[in-house]
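Asker: Fold the stuff below for me.
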Amino acid sequence: MANPPTYESSTERVQAWLDAGTLHIRFNNPARHNALSVDMWEAVPRLLRTAQDDDRVRLAVFSGAGEKAFVSGADISQFEDMRAAREAVSRYEAMAEDALMSIHDFPKPTLACIRGYCIGGGVNVAISCDIRIAAEDAVFSIPAARLGLGYRYSAMKNLVDLIGPGAAKDLFFTARRIDATEAKALGLVTRVSAPAALEKLLAEYTGAIAENAPLTIAAGKAITREILKPSPELDQALCASLIRGCFESADYTEGRTAFMQKRKPVFTGR
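Answerer: All right, here's what the predicted structure looks like:
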């Protein structure tokens with residue numbers, strides 16, 4: 001490659017660098033526990049588009065800056081502006097979907113290296129990856145039902161494909177938090193280590209994947225995707241209508257308001 005690409009993120013809140021065959025993408029918003037802001041969502045597809053055709057890149061690793069969080073959800077400071085108005089919902093959802101699908105559809109292996117909070121959008125990032133490893137201090141939750149949010153088809157499918165419908169409905173309906181041990185038992189993560197040993201565990205994966213045959217790995221990933229494709233009977237229009245109904249409901253307004261006021265929401269089903 002005459003002029004190999006460089007990996008400069010479009011925002012300082014996402015760091016990117018190439019180390020041997022591994023592209024590292026680190027969410028860097030530690031003041032807000034690496035909550036995802038608009039610029040962070042937008043940075044991910046751009047980096048992965050560059051990496052897709054870069055023969056130096058054998059895999060991409062996602063992590064969070066600091067020791068307290070992988071990703072703790074949406075950036076609260078942008079929550080009201082970006083998700084309150086109905087006309088903004090479709091833009092925000094499309095932007096998040098683009099970022100998550102860019103991870104899911106990246107033809108090379110992807111790995112989420114998780115410490116601390118992995119909440120909401122953080123879980124979506126993690127389950128869009130091929131492999132997840134976590135420190136013992138990791139905490140997982142999908143709080144959509146506590147906020148009145150509509151949960152996209154693609155995110156729900158990734159969750160069900162990964163841990164099965166029973167476990168997925170358990171986590172989704174209750175919005176409860178689980179620790180790394182339960183996450184491993186459910187299949188949400190593959191391996192768990194002591195926090196101090198997480199870097200060594202990550203190196204085990206990056207070393208093995210970088211040394212193995214790229215075409216074989218790419219074929220295995222692509223074939224797995226074919227196996228998991230949706231049924232032709234899937235009603236996409238119904239799914240989209242149900243999600244839209246959540247965002248247009250009084251419960252969504254109540255969930256968002258309660259979240260901002262740090263109180264328990266009172267939902268009416270309307």
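
Asker: where are the low-confidence patches of the stretch 51-200 of the chain?
Answerer: Scanning the stretch 51-200 of the chain for pLDDT under 70 picks out 76-90.

Asker: quick one: the helices in it?
Answerer: Along the stretch 51-200 of the chain, counting by DSSP state H, counting those that start in this stretch, helices occupy 76-83, 86-104, 121-128, 144-147, 153-163, 165-174, 180-186, 198-211.

Asker: buried ones in the last one?
Answerer: Think helix 198-211. For helix 198-211, burial by neighbour count (16 or more other CB atoms under 10 Å) applies to 198, 201, 202, 205, 206, 209, 210. C-beta here means a position set from N, CA and C on the backbone, and glycine is covered the same way.

Asker: so what's residue 8 closest to, chain neighbours aside?
Answerer: Nearest in space to residue 8, with sequence neighbours left out and distances taken as CB to CB, 6 or more residues apart in numbering, is residue 16 at 7.2 Å.

Asker: Which helix or strand contains the one you found?
Answerer: For residue 16, the enclosing helix or strand under DSSP states H and E is strand 14-19.

Asker: and that strand, what other elements does it pack with?
Answerer: Packing partners of strand 14-19 (3 or more CB pairs under 8 Å, 6 or more residues apart in numbering; DSSP states H and E): strand 22-27, helix 38-52.

Asker: May I have the residues that are in contact with residue 235?
Answerer: The contact partners of residue 235, by CB atoms under 8 Å, 6 or more residues apart in numbering, come to none.

Asker: Which pLDDT value goes with it?
Answerer: With respect to pLDDT, residue 235 has a value of 91.

Asker: Likewise for the one 4 residues further on?
Answerer: Per-residue confidence at residue 239 stands at 87 (pLDDT).

Asker: My read is that it contacts residue 153, right?
Answerer: Yes - under the criterion of CB atoms under 8 Å, residue 239 makes contact with residue 153 at 4.3 Å.
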